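A.B. asks: okay, structure incoming, though there's no sequence with it:
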């Protein structure tokens, strides 16, 4: 199956700081999503982004499919941004998402 | 509101007592699936369904059953739960294509 690597594994930020999370994947994909898992365990869909760039408020994401990586940008971080961020991909004909191990983000006030 | 609804959110049960976790979506999605999340192992697919009456095994199907009698519902059945099935379970749905997967809020199951 497709291998998904996320970096860094842990990130500690001061409130207001900017950060970049990276996701590398081992094969071509027809789906790539970024999720935020909040402290209650819910998986919140941030972006569906198999290619290109999208922005949603303080968050943005870019996927360069030809080079098999995606980046998630968090700007002006807030304490509510804390949690685990997952990158998940679906290969052609896979019918499932393969998840990375996640990046645990802690934003301190 | 478009959503995937799982019930219950939390469940503590005893070994061997049959249980069902329900999943329902209101988006007319064809595709539905179940995942479990465990520390150190991440999220893994249990079963998936491409449409009504069409189901298939994922990566970790042992000890689970599913059914897809209606498009909106995809229950997960544990006929004889064991402690190694203690986990956080997620149901997801999509419309095979262009908008990605929508996940339910999760069911935290403890088997004692």
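C.D. replies: In hand now; what should we look at? Just so we're clear, the structure is a prediction, and the values are computed from it rather than from any experiment. Residues are numbered from 1 along each chain as shown, chains lettered A, B, ... in the order given.
A.B. asks: grab the nearest non-local neighbour of the closest residue to chain B within chain A.
C.D. replies: When scored by CB to the nearest CB, chain A has residue A:48 as its residue closest to chain B, at 3.5 Å. Just so you know, the C-beta spots here come from the backbone N, C-alpha and C atoms, and that holds for glycine as well. With sequence-adjacent residues excluded and distances taken as CB to CB, 6 or more residues apart in numbering or on different chains, residue A:48 is closest to residue B:100, at 3.5 Å.
A.B. asks: ditto for residue B:89
C.D. replies: Once flanking residues are discounted, residue B:89 sits nearest to residue B:107: 4.6 Å by CB to CB, 6+ apart.
A.B. asks: count of residues packed around the one you found?
C.D. replies: Residue B:107: 23 surrounding residues under other CB atoms under 10 Å in any protein chain shown.
A.B. asks: how about the contacts made by it?
C.D. replies: B:6, B:7, B:8, B:9, B:10, B:11, B:21, B:88, B:89, B:90 (CB atoms under 8 Å, 6 or more residues apart in numbering or on different chains).
A.B. asks: the residue of chain A closest to chain B: neighbour count?
C.D. replies: 17.
A.B. asks: and if you look at residue B:67?
C.D. replies: Neighbours of residue B:67 using other CB under 10 Å come to 15.
A.B. asks: quick one, what contacts it?
C.D. replies: By CB under 8 Å, 6+ apart, the contact list for residue B:67 reads B:55, B:74, B:75, B:77.
A.B. asks: since we're on the residue in chain B that chain A sits nearest to, how many residues are nearby?
C.D. replies: Nearest residue of chain B to chain A, counting by CB to the nearest CB: residue B:100, 3.5 Å away. Using other CB under 10 Å, residue B:100 is surrounded by 22 other residues.
A.B. asks: got it, and the one 10 residues further on?
C.D. replies: By the other CB under 10 Å criterion, the neighbourhood of residue B:110 contains 14 residues.
A.B. asks: which strand or helix spans it?
C.D. replies: Under the criterion of DSSP states H and E, residue B:110 resides in strand B:107-111.
A.B. asks: what lines up beside that strand in the sheet?
C.D. replies: strand B:10-13 (parallel), strand B:87-94 (antiparallel) (DSSP bridges).
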